[in-house]
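# Build me a model:
(chains A and B)
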There are 2 protein chains.
Amino acid sequence: MTNQMIQKRLSQLRANMSALGIDYYLIPTADFHNSEYVAPYFQTRRYFSGFTGSSGTLIVGLEEAGLWTDGRYYIQAEKELSGTGIDLYRESDEGVPTPAAWLAGRLGRAAAGMEQSRVQQEPGGRQLSLAFDGRCVSVSQFRNLQRRLSGLDVRFVTDRDPAEGIWADRPELPASEAFVLAEEYAGESAQSKVERLREKMRGSGASLYVENKLDNLMWLWNLRGRDVECTPVALGFGVITMDRQILFVRESAVTEEVRAYAAGIGLELRPYEDIFEELEKPELYREAAGADRPGKTAAAGHDDSSAAGEAAGRCRIYYSPSALSVRLYEAMIKGRDRAFGADNILSAGQEVLSAGKDIQRRSPVEDFKAVKNETELKNIRSCYLEDSAAVCRFLYWIHRHVEEGTIGTLTEMDAERKMDSLRAEISDFIELSFKTISAYGPNAAMMHYSAKEDDCAQLRPEGMLLVDCGGQYLRGTTDVTRTMALGPVTEDMRRHYTLTAVGNLQLMDAVFLHGCTGKNVDILARQPLWNIMMDYKCGTGHGIGYLLSVHEGPQNIRWRFAGGAPEAVLETGMIVSDEPGVYLEGKYGIRIETILEVVEAAKNSDGTFLRFRPLTLVPMDRALIDPQYLTPQTRTSLNEYHRRVYDEVGPLLTEEEREWLREQTQEI
Amino acid sequence: MTNQMIQKRLSQLRANMSALGIDYYLIPTADFHNSEYVAPYFQTRRYFSGFTGSSGTLIVGLEEAGLWTDGRYYIQAEKELSGTGIDLYRESDEGVPTPAAWLAGRLGRAAAGMEQSRVQQEPGGRQLSLAFDGRCVSVSQFRNLQRRLSGLDVRFVTDRDPAEGIWADRPELPASEAFVLAEEYAGESAQSKVERLREKMRGSGASLYVENKLDNLMWLWNLRGRDVECTPVALGFGVITMDRQILFVRESAVTEEVRAYAAGIGLELRPYEDIFEELEKPELYREAAGADRPGKTAAAGHDDSSAAGEAAGRCRIYYSPSALSVRLYEAMIKGRDRAFGADNILSAGQEVLSAGKDIQRRSPVEDFKAVKNETELKNIRSCYLEDSAAVCRFLYWIHRHVEEGTIGTLTEMDAERKMDSLRAEISDFIELSFKTISAYGPNAAMMHYSAKEDDCAQLRPEGMLLVDCGGQYLRGTTDVTRTMALGPVTEDMRRHYTLTAVGNLQLMDAVFLHGCTGKNVDILARQPLWNIMMDYKCGTGHGIGYLLSVHEGPQNIRWRFAGGAPEAVLETGMIVSDEPGVYLEGKYGIRIETILEVVEAAKNSDGTFLRFRPLTLVPMDRALIDPQYLTPQTRTSLNEYHRRVYDEVGPLLTEEEREWLREQTQEI
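Predicted coordinates:
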């Protein structure tokens, strides 16, 4: 993509904006489902900016544009945005304004300017406006914008898709087939899951639950799809009441198997596109609230506001403001208002007061899904063992090339293909869980570097190669990173690798009381680097789905939580990654990522103590370990980990590979 | 105090309750100022329960009573409550209901019962009611109660003092003289501080600020008093507008010096008792909002509700809901309603919507005060040095008694008196910052044990003595704990002491990014104990005032934050304690408390790194250190700390004492 193309697209967009009286366009990275990775159809932010990272927010004004992204992408974004005229805002750097604060400043100045010109010259003048696609922005994001821009008299345009009329060769909406995940893999029936959800709804007095997150929908009904690359989900929206379960799904997804299964569990299937229209229908709310049942009277219209207030109370909606889109919310409120009459008392402060009526919380499905059941855990453990063996085989393959002096004949893409093919050999492999990161030398300093066939580095017999990869299997979703020496390395490389390993091991060894969140334990991974005044600009760990998203909440391991990111208690059965790293722009990158399962350590009068148990069983690189930086505790821990790697993965390897693994896992 | 006395007091209270139709009485540990330690006049909870701890909530029903307290007091409370008929609720234990949840359960059952009896027998029946002294309960606490009891139709009685008519020999309200803290100690003038506060008010559009926390008032105006033992404050309430500063203070506090000083800085002094009446006067709000100035029109009355809404917006109040009492809040709202008319639109959901109008936040004074200025820091450092020397002298005195075989002739009180007298020798010593804890053997397992002349343990030449103490000086407030061997100790004692020391040192050595809170670093202190599945049931650290409260917010070091406790970013210039411990009921207690200053470590492209610098310079007990449990890092750290102790405290000691210190601080 050339930067002239980006400039052209932006000028087309600006022409549209001028015509429509829009001052700023907010273009997040999002589909209609608050997904982290989105199908090509939804890659509008990428289309207008040229920035290919998986996370970022673009704001286009008539004369300037800015793109916000996080530490994983600073280097990449700088490279890709150069020459586009778009300014890069590094989200986690000190003093960098958030998109909302930036808009507040710009719009505030514009408002002041207009005020002045109005006074001096022309009376009237137009209202400032901010546009975005309300299907791609969550209720929380919108409320946050409203708060930050309150007092500025900004008009919000929520029904415009910026790509409309510009993006000529836009990909189609995905349309693949869905499939049913058998209970031997899911471990719990959809009926049981729906019943657990309804219990939560009852507990909080809610009659209707709306879900738009794809992985939550898939988990709830034991379905999977192929609509998003690397994330086995089907596009959909879910509505649940005490009597009904409705899935709005693409017709293409509904195979005979899915149709029969849905009928069997009482799941109604409706066309994906109908969700907005259906949510606007009053019947849904009357029915959900039981208002049309004999013995209960439905409130009639808009006139009797106190009765209406009561009635609205009888169809309390449960939704997650941080996941639900503005347009879904608007449709819901419209539908309920039609059923029970608008609650006039609230019109002044609807947003604030509706908080007291509807249940605005993280989806219970999110919490259920994060705690893997025994069947899932059994599958995950065996899956990680085989996945680890594939990575070990890859490491051995690299080792052989290093030994034989042929490493320099390979490119990053060669390594990536080799890794991917080894993983594909596993019996229940479905697809990769994300595009493999095969990053040599300075490329590894970009956390989410992506090698391309026509643009990738040649390996050399020195320095380090970083490989971050994972797969989707019927037995779970994997993720693992190892960094390896390809020949001579510097003292700094060994020091940084060893301190990263120490952080990784310290977190792996943590014992903590139930009640702790990732914020409590993050420092164990970061401390060795903080001690030398270095930091990695990303979280230490994330949750992982089961044959779903490779990044899954609500738990995670971070030292701080910006912008309402959830801070969830770590529970037995949760899975988190442990991935400290060192990223030196233009020099090298190191990441060691091991996936951990949360298990109970002990229960006594002081509380319930938990600990981690590694699922990933792949050796660290001895050539990069400088023992002087290991503490006695982490040395023991590394040796124990390596012993387990050899004992458990060894039997899955060839004799030759096992011999290499024995060397790699010898005591240090 | 015998338990029969307590039973008698409770039955008197219950007789009053029956007469007034009160079902439950909530009696917190509080004065009118949300103080942690309260003057004898306010010790109503203690009067009715017999529990002498500094923290706890008593709820008295007609047939049962419960007392909630935290982990520091479990053992003590169990002892003191035995035979009173009051049930002990251990706040931080799993599954223990909060007072609000407990009340919700009790009142819910009672309501259900009344409902039934009403249906079956008597129509009518009375409303359930919960009483408390609204001067002693914060707005947040009340709102939380309201939320938890919503739907139960509970009547709240907020204007009853439970002790009225029962507590015959109740102490008088304090009435000591206040004094001015010179700028050589305070480091910043009151004018400058008030200006900083007004900037914050302006920034959030507030016209009136109300403060009832005594340490905030004292800090703001550079005043101190002697109304609360160990906390040099004068009772007072503060009101600040853009034009006025008013301090409502006991007449006894106003010396000639204070009167002249106040006049000099434009501070109006009013009688303490007048605060409620004054807050109800409309003029205050009209004036504050500038509504009675020429060129602006004041809203007239109750009729025009939209004008009234606007006007109320013009006197936005800044207050801290977690500190301000219900009665002060009620008086404020009454006064402002009188000025501008009640905002009728809001009557339905006043509480929620007023959140959008008034500024309900932690006091800015709280944040200012926590970051010590250069003058304060200079004073504090020199103060801690002398205070540490006094503790070293005390340790030497214990050492001599152990050496000479006379330790068994001493009691806990003898040790306490010795420690207190050594501290009193320091030139600017004013009083203790809390009653010294001198706890031998099993007594030390009670975190806040208090020895009494007629009820204290005899020391013996074995086991451990724990001494936790501190002083109030013109140069600051100190706090320190050391645990020492008095003779042979068990292997377990040495192991637990060493692991406590390791935790203490790991936290002391922490390097962390600016943005971290105590929650990020707490695990460094706890990990050695968590590793052996033990925990101490209290926070790891607290802030400390400057010639003010020995416990000061907003920062602290805790692993979790219950009930809206603040989680504040650690800033350069803040002071926190580092006090892990082991508490084994019936066996022994260990605590090592070192006070730390937050200092900058480095600033680079990864951010601003901070670290701690110990202010307390008192050796740990070599006899209790078992080197096998030290890590190389903590061994180095301990040796470095001890070297600093010797180098800096040594010169302040006699030759004999210094020789002992040299031995104590030799390399391990």
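
# With adjacent residues omitted, what lies nearest to the residue in the stretch 51-200 of chain A positioned nearest to chain B?
Across the stretch 51-200 of chain A, the shortest distance to chain B (C-beta to the nearest C-beta) belongs to A:E94, at 6.6 Å. Any C-beta I mention is one placed from the backbone N, CA and C, and that applies to glycine too. Setting aside the residues directly before and after it, A:E94 is nearest to B:G607 in space (C-beta to C-beta, 6 or more residues apart in numbering or on different chains), at 6.6 Å.

# returning to what we had before: next, count neighbours for the residue of the stretch 51-200 of chain A closest to chain B.
Other residues near A:E94 come to 10 when the count uses other C-beta atoms under 10 Å in any protein chain shown.

# Now for the residue nearest to A:E94: which residues touch it?
A:94, A:535, B:513-515 (C-beta atoms under 8 Å, 6 or more residues apart in numbering or on different chains).

# Wait, a strand at the residue of the stretch 51-200 of chain A closest to chain B?
No. Under DSSP: H, G, I helix; E, B strand; the rest coil, A:E94 falls outside any strand and is assigned coil.

# tell me what the helix or strand hosting A:L130 is packed against?
Here A:L130 sits within strand A:129-131, counting by DSSP states H and E. Under the contact definition 3 or more C-beta pairs under 8 Å, 6 or more residues apart in numbering or on different chains; DSSP states H and E, strand A:129-131 sits against strand A:24-28, strand A:155-157.

# which residues make contact with it from outside it?
A:17, A:20-26, A:103, A:107, A:145, A:149, A:154-158, A:160, A:162.

# And for A:T375, nearest residue in space, chain neighbours not counted?
In space, A:T375 is closest to A:G187, 2.8 Å off (C-beta to C-beta, 6+ apart).

# Show me which of the contacts of strand A:129-131 are buried.
Among those, the ones that count as buried by 16 or more other C-beta atoms under 10 Å in any protein chain shown are A:17, A:22-26, A:103, A:107, A:145, A:149, A:154, A:156-158, A:160, A:162.

# Any stretches of the stretch 151-300 of chain A with poor pLDDT?
When residues are selected by pLDDT under 70, those of the stretch 151-300 of chain A lie in A:291-300.

# Contact partners for the residue nearest to A:T375?
A:373-376, A:379.

# how does it look with 7 Å?
Applying C-beta atoms under 7 Å, 6 or more residues apart in numbering or on different chains to A:G187 gives the contacts A:373-376.

# Could you do A:I333 as well?
So A:I333 contacts nothing (C-beta under 7 Å, 6+ apart).

# Can I get the helices and strands packed on strand A:129-131 in JSON lines including distance to chain B?
Converted to JSON lines, the helices and strands packed on strand A:129-131 look like this (distance: least, C-beta to the nearest C-beta, whole Å):
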{"stretch": "strand A:24-28", "distance to chain B": "24"}
{"stretch": "strand A:155-157", "distance to chain B": "19"}
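
# Nearest to A:V402 among these would be which one?
strand A:24-28 (43.4 Å; C-beta to C-beta).

# and that closest one, which strands flank it?
strand A:57-61 (antiparallel), strand A:129-131 (parallel) (DSSP bridges).

# and those strands as TSV, adding distance to A:E663 and mean pLDDT?
What follows is the strands paired with strand A:24-28, written out as TSV (distance: least, C-beta to C-beta, whole Å; pLDDT from 0 to 100):
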stretch	distance to A:E663	mean pLDDT
strand A:57-61	48	96
strand A:129-131	61	94
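
# how about the residues of chain A near chain B?
A:94, A:345, A:348-349, A:352-353, A:356, A:511-513, A:515-516, A:519-524, A:530-531, A:533-535, A:559-560, A:601-602, A:604, A:606-607, A:609, A:631-633 (C-beta under 7 Å from any C-beta of the partner chain).

# Out of the buried ones among the contacts of strand A:129-131, which two sit at the greatest distance?
A:L149 and A:P162, at 19.0 Å, using C-beta to C-beta across those.

# which residue sits closest to A:W221, ignoring its sequence neighbours?
Per C-beta to C-beta, 6+ apart, closest to A:W221 is A:A190, 4.7 Å.

# The one you found contacts A:I265, correct?
Yes. Counting by C-beta atoms under 7 Å, A:A190 does reach A:I265; the two are 5.2 Å apart.

# Roughly how far does A:P232 sit from B:P580?
With distances taken as C-beta to C-beta, to the nearest Å, A:P232 is found 47 Å from B:P580.

# Just give me the neighbour total for A:I27.
A:I27 has 27 neighbours, counted by other C-beta under 10 Å.

# Just the pLDDT for it.
pLDDT for A:I27: 96.

# Okay, and the beta partners of the residue lying closest to it once chain neighbours are set aside?
Counting by C-beta to C-beta, 6+ apart, A:L58 is the residue found nearest to A:I27 once chain neighbours are left out, at 4.3 Å. Taking DSSP bridges as the rule, A:L58 bridges to A:I27, A:L67.

# can I get the strands paired with strand A:24-28 in CSV with mean neighbour count?
Output for the strands paired with strand A:24-28, formatted as CSV (neighbours: other C-beta atoms under 10 Å in any protein chain shown):
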stretch, mean neighbour count
strand A:57-61, 23
strand A:129-131, 21
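
# related to what we said a few turns ago, centre of the chain to the strand holding A:L130, how far?
With C-alpha atoms, centre = their mean, to the nearest Å as the basis, strand A:129-131 stands 27 Å off its chain's centre.

# following it, which helix or strand comes up?
helix A:139-148.

# ok and that next one relative to strand A:24-28, angle-wise?
Helix A:139-148 runs at 150 degrees relative to strand A:24-28, counting by axes from the mean of the first three to the mean of the last three C-alpha atoms, to 10 degrees.

# what about the closest residue to A:Y272 other than its chain neighbours, how many residues close to it?
Computed as C-beta to C-beta, 6+ apart, the closest residue to A:Y272 that is not its neighbour in sequence is A:R250, at 4.6 Å. Residues lying near A:R250 (other C-beta under 10 Å) number 20.

# How about A:Q191?
There are 15 residues near A:Q191, going by other C-beta under 10 Å.

# and what of A:E655?
So A:E655, with other C-beta under 10 Å, has 7 neighbours.

# next one: phi and psi at it?
The phi and psi values for A:E655, taken as degrees, to the nearest 10, are phi -60, psi -40.

# Helix or strand with the lowest mean pLDDT in chain A?
When the helices and strands of chain A are scored by mean pLDDT, DSSP states H and E, helix A:350-354 comes last with a mean of 37.

# surely A:R45 meets A:G56?
Yes. At 6.1 Å, A:R45 and A:G56 qualify as touching, with contact defined as C-beta under 7 Å.

# any common contacting residues for the two?
A:T29.

# circling back: surely the residue nearest to A:I27 and A:S49 touch.
Yes. With contacts counted by C-beta under 7 Å, A:L58 reaches A:S49, the gap being 4.9 Å.

# rewinding a little: how near is the residue nearest to A:W221 to A:I59?
Counting by C-beta to C-beta - A:A190 and A:I59 are separated by 41 Å.

# what's around A:M620, how many residues?
25.

# try A:L214
26.

# Could you pull up the residues touching it?
Shown in contact with A:L214 (C-beta under 7 Å, 6+ apart): A:33, A:35, A:233, A:235-236.

# swap the cut-off to 6 Å and go again
Shown in contact with A:L214 (C-beta atoms under 6 Å, 6 or more residues apart in numbering or on different chains): A:33, A:35, A:233.

# where along the stretch 451-600 of chain A do the strands fall?
Secondary structure of the stretch 451-600 of chain A (DSSP state E, counting those that start in this stretch): strands at A:464-469, A:471-473, A:476-477, A:480-485, A:511-513, A:541-543, A:552-557, A:575-578, A:581-584, A:588-591, A:594-604.

# Export only the CA atoms of the fourth one, formatted as CSV.
It refers to strand A:480-485. The C-alpha trace of strand A:480-485 is given here as CSV (Å, rounded to 0.1, in the frame of the first residue of the first chain):
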residue,chain,number,x,y,z
VAL,A,480,3.4,-19.8,22.9
THR,A,481,6.5,-17.6,22.3
ARG,A,482,10.1,-18.6,22.4
THR,A,483,13.2,-16.6,21.5
MET,A,484,16.3,-18.4,20.3
ALA,A,485,19.9,-17.7,19.5
